[in-house]
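# Sequence plus predicted model, see below.
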Amino acid sequence: MVLADDQQLVRQGIGALLGFADDVVVVGEAANGEEAVARAFELEPDVVLMDINMPVLDGISATRTIRQGQPGVAVIVLTTFDHDDYVVEAIRAGACGFLLKDGDGDDLLRAVRLAAGGDAVIAPRVLGQLLSRLTRGPTQERAAAQAVSLLTEREREVLQLVARGRNNVEISQDLHVTEATVKSHIGHLFAKIGVRDRAQAVVTAYESGLVQAGRPESAP
């Protein structure tokens with residue numbers, strides 16, 4: 001993985017933390033967005049941890065460039081504030097999710113592993129708050145609702161669980177199906193609603209009204 005943050009102490013701290021894990025190797029670092037792009041193209045890591053506020057090239061632009069040129073590289077955005085509006089822009093740019101810098105070290109390690117496996121990583125405590133502030137115009141709402149209307153009932157259930165932050169194993173347990181079946185449903189619904197990854201699927205679920213911030217979760 002590659003660490004991209006303009007503060008050397010932050011990079012060193014995260015690197016030291018991840019160094020305790022046998023299955024995570026930091027292969028490169030970047031002090032700005034331009035360097036992050038260069039490292040991603042040069043090293044082709046599984047994951048890039050991307051600070052959203054960086055000099056030369058901001059984290060959103062760097063994420064978009066990486067995802068367009070290296071779609072196999074997962075990008076996790078790191079942010080200081082749980083009300084950072086730019087996080088949604090980063091997700092639209094192709095980030096697989098976001099984490100707070102003041103979060104737990106175990107959560108960071110789990111997030112890196114999930115991202116490497118293709119899961120979305122969105123800090124649970126801020127998901128509802130963030131998406132409730134997502135600016136939704138009539139055009140976006142109609143487009144999202146129309147896309148979701150193409151889904152089967154089971155695909156809608158899977159999308160709801162994805163939007164609630166469930167990973168594939170948890171979804172398979174909730175719906176009493178195999179993990180392979182879950183992956184199949186996810187692949188089909190991604191194609192139908194026109195998204196590339198889980199994070200964008202979460203945004204579509206909220207924009208369409210399928211899932212609403214602050215509404216108690218109901219069992220599928």
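Structure received. Residues are numbered from 1 along each chain as shown.
# which is the next helix or strand following the least confident helix or strand in the chain by mean pLDDT?
Within the chain, no helix or strand scores below helix 124-132, which has a mean of 56 by mean pLDDT, DSSP states H and E. Tracing the chain C-terminally past helix 124-132 and defining elements by DSSP states H and E, one meets helix 138-148 next.
# what mean pLDDT would you report for the longest helix belonging to the chain?
Ranked by residue count, the top helix of the chain under DSSP state H comes out as helix 179-193. Mean pLDDT, helix 179-193: 94.
# what about S149, how many neighbours?
With neighbours defined by other C-beta atoms under 10 Å, the count for S149 comes to 12. (C-beta placed from N, C-alpha, C; glycine too.)
# Ignore what I typed, I meant I52.
Residues contacting I52 under the criterion other C-beta under 10 Å number 24.
# Is it correct that it is in contact with Y86?
Yes. Assessed by C-beta atoms under 8 Å, I52 is found in contact with Y86 at 5.6 Å.
# and for the two, which residues touch both?
60, 79 (C-beta atoms under 8 Å, 6 or more residues apart in numbering).
# which residues sit against the longest helix of the chain?
Residues contacting helix 179-193 (C-beta under 8 Å, 6+ apart): 144, 147-148, 150-151, 154-155, 158-159, 162, 168-169, 171-172, 175, 196-198, 201, 204.
# Could you chop the protein up by domain?
2-124, 138-208 (automatic domain parsing).
# Would you check how far apart the closest residue to V24 other than its chain neighbours and A30 are?
Excluding its sequence neighbours, the residue lying closest to V24 (C-beta to C-beta, 6 or more residues apart in numbering) is L18, at 4.8 Å. L18 sits at a distance of 15 Å from A30 (criterion: C-beta to C-beta, to the nearest Å).
# Just want to know which of the two has more residues nearby.
A30 (26 against 19).
# That one and F41 touch, don't they?
No. A30 lies out of contact with F41 (C-beta under 8 Å); the separation is 11.5 Å.
# one step back: could I have the CA atoms of the longest helix of the chain written out in PDB?
Extracted in PDB, the C-alpha atoms of helix 179-193 (Å, rounded to 0.1, in the frame of the first residue of the first chain):
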ATOM      1  CA  GLU A 179     -21.000 -15.300   0.000                       C
ATOM      2  CA  ALA A 180     -20.700 -16.300  -3.700                       C
ATOM      3  CA  THR A 181     -24.400 -15.500  -4.100                       C
ATOM      4  CA  VAL A 182     -23.900 -12.100  -2.500                       C
ATOM      5  CA  LYS A 183     -21.000 -11.300  -4.800                       C
ATOM      6  CA  SER A 184     -23.200 -12.300  -7.800                       C
ATOM      7  CA  HIS A 185     -26.000 -10.000  -6.600                       C
ATOM      8  CA  ILE A 186     -23.600  -7.100  -6.100                       C
ATOM      9  CA  GLY A 187     -22.100  -7.500  -9.500                       C
ATOM     10  CA  HIS A 188     -25.500  -7.500 -11.100                       C
ATOM     11  CA  LEU A 189     -26.800  -4.500  -9.200                       C
ATOM     12  CA  PHE A 190     -23.600  -2.500  -9.900                       C
ATOM     13  CA  ALA A 191     -24.100  -3.000 -13.600                       C
ATOM     14  CA  LYS A 192     -27.800  -2.000 -13.400                       C
ATOM     15  CA  ILE A 193     -27.300   1.200 -11.400                       C
END
